[in-house]
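[1] Let's see this in three dimensions:
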Amino acid sequence: MVVDSGAGLVTTINTANGDITSLVYNGKQLQDSSKFTQLSSGLGSATVTSSVVNSIATIKITTSTITHYYIVKSGENTLYIGTYASAEPDVGELRFIARLSKSALPNGIAASEVDGGTAIEGSDVPFIRDQVHGVTGSGVGAYMIIPGVSYETSSGGPFFRDINNQGSAQQELYWYMNSNHEQTESYRTGFFGPYALAITSGSAPSASLDTSFMDSLGLQGYVPASGRGTVTGSYSGTLSGVGVTIGFKNSAAQYWVAGSGGSFTRTSMKPGTYTVTLYQGEPEAGTGSVSVSAGSTSSITLTPSLNKPSTIWSIGTVDGTPSGFLNADKIETMHPSDSRMSSWGPVTFTIGSSSVGSFPMAQFKGVNNPTTIKWTASSSQIGARTLRIRTTEAFAGGRPQITVNSWTSSAPTPTNIDSRG
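    Predicted coordinates for the structure are as follows:
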């Protein structure tokens, strides 16, 4: 099946399985010839149908649990995409992957280049910051756009992250909707999107992609703007200098919005009752509940309940991230074992003289154990004291265990997160 946008993009879709086998832009082939652009790792077999109404082509790809759409508007070099899933795939992840020609689009994220074995994994960016990402070549760019409500059926909240680019023999461009790479809540099912694969002359497109035309297409599971509501609210008592995010979730949907000056407004929410979380940085600082109705505006007031003990000393900022620590500037794009990481240690950190940037953002029993903290207490500071270690994740049973002089703590049990890293 061949779809011509009329503006320079010609897309070919395999009618036996829904794979995109060719993406030609102004005469240049962007699709890899050995691996194709597809949902997950390919659907195996599927029913593929098409229709054209009002200069909008809709390609519908169906299996027993998936209904996947490619939509092309005449005159636009953008594949608008939507995915309806009634069940999570058996492999534990739902992703769209464009396997593109490395020769046509050689410029991905440098830290994500794994061809030749000099790096591991790819680029990871939290949902809340990932609206547009892409790869480029001479006179051409291919970009994923994840606008508006596209993350509402995904799982993990605003700070969940996953792979969005990897350079191998192909130039791989991803959008992960769900995965067990670090699963913190149950998967959601339903309509994922709208999202898009936009082909440009090289420059990045706007994240403000207008998908309102899709309201009238009758896509399975899609909720139009008329079926959505709004929440406004206020908050107080948060730490200064730390960003505020308000998250909403229930079993069917998730949303978030940044707070500013003590207030927030979140639009385009599906009807339902939501748990509302006030994030101070990334830690959960307060909660509430709100109900949303289509066409209406609800309101809520939030205050933090996070314990803020007085401290004798601390290392880093309590914002739920390793920001400022050793290798924290690289961890979003490099695997911990990547040769480009600074040496993990072991490190000796002296309170009052060592810089935060010398303290490792991750502790590995077989790599940088132990991390030693030296502190000379004054006479007034000696006595019963609590050492609090805030961790953002644990893998393979890892946990912080401390020794102070001759005393050794018990080993706490970490939350068991389904994760590969």
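[2] what about residue 59, is that helix, strand or coil?
    strand (DSSP: H, G, I helix; E, B strand; the rest coil).
[3] what about residue 159, neighbour count?
    Using other CB atoms under 10 Å, residue 159 has 19 other residues around it. Bear in mind the C-beta positions are built from the backbone N, C-alpha and C, glycine included.
[4] From what I see, it and residue 282 are in contact.
    Yes - between residue 159 and residue 282 there is a contact under CB atoms under 8 Å: 5.1 Å.
[5] Mutual contacts of those two, please.
    Listed contacts common to residue 159 and residue 282 are residue 320; contacts here mean CB atoms under 8 Å, 6 or more residues apart in numbering.
[6] Chain neighbours aside, what residue packs nearest to residue 227?
    residue 294 (4.9 Å; CB to CB, 6 or more residues apart in numbering).
[7] Need phi/psi at that neighbour.
    Main-chain torsions, residue 294, degrees, to the nearest 10: phi -60, psi 130.
[8] Let me know the pLDDT of it.
    Among the per-residue scores, residue 294 shows a pLDDT of 98.
[9] who's in contact with it?
    So residue 294 contacts 226, 227, 228, 229, 271 (CB under 8 Å, 6+ apart).
[10] Quickly list what residue 143 is bridged to.
    residue 134, residue 198 (DSSP bridges).
[11] wait, residue 302
    Beta bridges link residue 302 to residue 235, judged by DSSP bridges.
[12] so how many other residues sit close to it?
    So residue 302, with other CB under 10 Å, has 24 neighbours.
[13] Thought residue 276 was touching it, still the case?
    Yes - using CB under 8 Å, residue 302 is in contact with residue 276, at 6.6 Å.
[14] Find residues that contact each of these two.
    By CB under 8 Å, 6+ apart, the residues touching both residue 302 and residue 276 are 233, 246, 287, 288.
[15] Tell me the buried residues within those residues.
    For the shared contacts of residue 302 and residue 276, a burial check counting by 16 or more other CB atoms under 10 Å picks out 233, 246, 288.
[16] of all the residues you listed, which comes closest to residue 184?
    When these are compared for distance to residue 184 (CB to CB), residue 246 wins out at 18.0 Å.
[17] Surely the closest one and residue 275 touch.
    No - using CB under 8 Å, residue 246 makes no contact with residue 275, being 11.3 Å away.
[18] and the end-to-end length of stretch 154-173?
    Start and end residues of stretch 154-173 are separated by 18 Å (CA to CA, to the nearest Å).
[19] Can you mark which positions in that stretch are buried?
    154-168, 170-173.
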